[in-house]
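Participant: sequence first, predicted coordinates after that:
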Amino acid sequence: MKVSVIGAGSWGTALAHLLGTAGNDVMLWARKPEVCEGINALHRNPRYLVDSSVSERVRASNDYETVLRGSQAVVIVTPSSIMRDVACDIRPFVSEDTPIIICSKGVEAGTGLLPVQVFEQELGNASRLAALTGPNHAEEVIRGIASGTVIASSHRDTALFFQRLFATDTFRTYVSDDVVGAEICAAFKNVIAIAVGASYGIGLGDNTAALIMTRGLAEMSRLVEACGGTAMTCLGLAGVGDLIATCTSEHSRNRTFGYRLATGTTLEQYREETHMVVEGALACKTIDFLAKAHQVELPITEMVRSVLWEQADFHEAADALFERSLKPEFY
Ligand SMILES: NC(=O)c1ccc[n+]([C@@H]2O[C@H](COP(=O)([O-])OP(=O)(O)OC[C@H]3O[C@@H](n4cnc5c(N)ncnc54)[C@H](O)[C@@H]3O)[C@@H](O)[C@H]2O)c1
Ligand SMILES: O=P(O)(O)OC[C@H](O)CO
């Protein structure tokens, strides 16, 4: 099958490799010419996952038409902040019924829309749209380390199509019809990972990390339900699975960024150093926006947002969480 992968950062590169090793002809869209050259000439991405080789069935180009012409499936892996631009850019080259799966994690600023909702607005035909999310660090997937993921679509045939497309003997795929739940979990866990990283950064412990993860999960499920998703999704790979991976892994950029933020590094400095997107930094604002629209209280998310964007003091913000009124665990 000819598959187009849009975005050649860590995750796009790993997914292109996965699809190539499964026997597909993969065209990878990369923003930078040196990335295209590296993939085509040396089967390596010179900017991301530089130590891993990429399947020879992956070819790269910076031209949307070349990448998308004749494509039987499109995989979107760009940062969530440019979802709408990407949807508009690919629109002239994608037919009305080509299946599209979105692997980016975030919520659109200003609208509170999820990536699949943005694509539906720009490209129509929601039945061919899906989201892929789960505990999947690119560094491990490209090395064939056993991993699992969720493919969510409102249309069962679309979910099953992508389930088969991505499944390999080391990458296990599950389907779900809860697109809203899966995409909120995907964006949310990054915010909680920043909070966990920051808590270690100010010298707190493993008990604290477990507390933040668990109460973060409670926040996540409140928002999922308020937005029309299913709370059970939060207990699956998209929710607790990805939360564990992101809050505990050495590979996690959101967790690492939280730690570095608490120890004096700014967001700009971290981005410049790593060239990597830190989705949780934007998501703490966009999720806060979504929560206010649905009148859902998210104290940890609010704390991350105020520390990151309003220069609130970490210690004071953490203390404020402990000063909240005492209440039952589930309410
Ligand atoms: N890295 C992972 O392990 C992983 C796993 C699952 C999901 N994701 C999600 O996948 C998405 C992409 O993350 P990544 O880790 O591959 O990114 P990355 O940080 O490794 O690289 C960023 C990519 O975005 C591109 N980019 C940045 N600004 C751009 C712009 N204005 N226009 C076009 N391209 C631009 C860069 O060229 C680069 O290809 C994110 O939403 C992330 O949450 C990442
Ligand atoms: O763990 P992070 O913060 O690097 O995020 C990457 C992926 O979303 C993990 O599934």
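Facilitator: Arrived safely, thanks for sending. Ligands and ions are numbered 1, 2, ... in the order given.
Participant: any idea which residue of the stretch 1-150 of the chain lies closest to ligand 1?
Facilitator: When distances are taken as Cβ to the nearest ligand atom, the stretch 1-150 of the chain reaches nearest to ligand 1 at Gly9, 2.3 Å away. All C-beta spots, glycine's among them, are computed from the backbone N, C-alpha and C.
Participant: do I have it right that that residue meets Ser80?
Facilitator: No: counting by Cβ atoms under 8 Å, Gly9 sits too far from Ser80 to count as a contact (11.9 Å).
Participant: which one's more surrounded, these two?
Facilitator: Ser80 (26 against 22; other Cβ atoms under 10 Å).
Participant: let me know the secondary structure of the spatially most central residue of the chain.
Facilitator: By Cα atoms, centre = their mean, the chain has its centre lying nearest to Lys105, at 2.7 Å. State at Lys105, reduced to three classes by DSSP: H, G, I helix; E, B strand; the rest coil: coil.
Participant: now it, what are its backbone angles?
Facilitator: Lys105 adopts backbone torsions of phi -120, psi 110, taken as degrees, to the nearest 10.
Participant: kindly report the same for Thr266.
Facilitator: phi -90, psi 170.
Participant: check contacts around the residue of the stretch 1-150 of the chain closest to ligand 1.
Facilitator: Arg47, Tyr48, Val77, Thr78, Pro79, Met276, Val277 (Cβ atoms under 8 Å, 6 or more residues apart in numbering).
Participant: stretch 81-97 close to ligand 1?
Facilitator: Yes: residues of stretch 81-97 are located near ligand 1 by Cβ under 6 Å from any ligand atom, namely Ile82.
Participant: just give me the neighbour total for Val179.
Facilitator: By other Cβ under 10 Å, 27 other residues sit near Val179.
Participant: so who does it touch?
Facilitator: Contacts of Val179 (Cβ under 8 Å, 6+ apart): Leu114, Val116, Leu129, Ala130, Ala131, Ala152, Ser153, Ser154.
Participant: name the nearest residue to it, ignoring sequence neighbours.
Facilitator: Ala152 (4.6 Å; Cβ to Cβ, 6 or more residues apart in numbering).
Participant: which strand residues bridge the one you found?
Facilitator: Beta-bridge partners recorded for Ala152 (DSSP bridges): Ala131, Ser176.
Participant: and Met220, its phi and psi?
Facilitator: Torsion angles, degrees, to the nearest 10, at Met220: phi -60, psi -50.
Participant: if I look at it, how far off is Glu183?
Facilitator: 12 Å (Cβ to Cβ, to the nearest Å).
Participant: just put the contacts of Val179 in CSV and tack on neighbour count, distance to ligand 2 and pLDDT.
Facilitator: Listed next are the contacts of Val179 as CSV, based on neighbours: other Cβ atoms under 10 Å; distance: Cβ to the nearest ligand atom, whole Å; pLDDT from 0 to 100:
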residue, neighbour count, distance to ligand 2, pLDDT
Leu114, 28, 15, 98
Val116, 24, 16, 98
Leu129, 24, 20, 98
Ala130, 31, 17, 99
Ala131, 29, 12, 99
Ala152, 31, 15, 98
Ser153, 28, 19, 98
Ser154, 16, 22, 98
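Participant: name the nearest of those residues relative to Ser55.
Facilitator: Ser55 lies nearest to Ala130 out of these, by Cβ to Cβ, at 22.4 Å.
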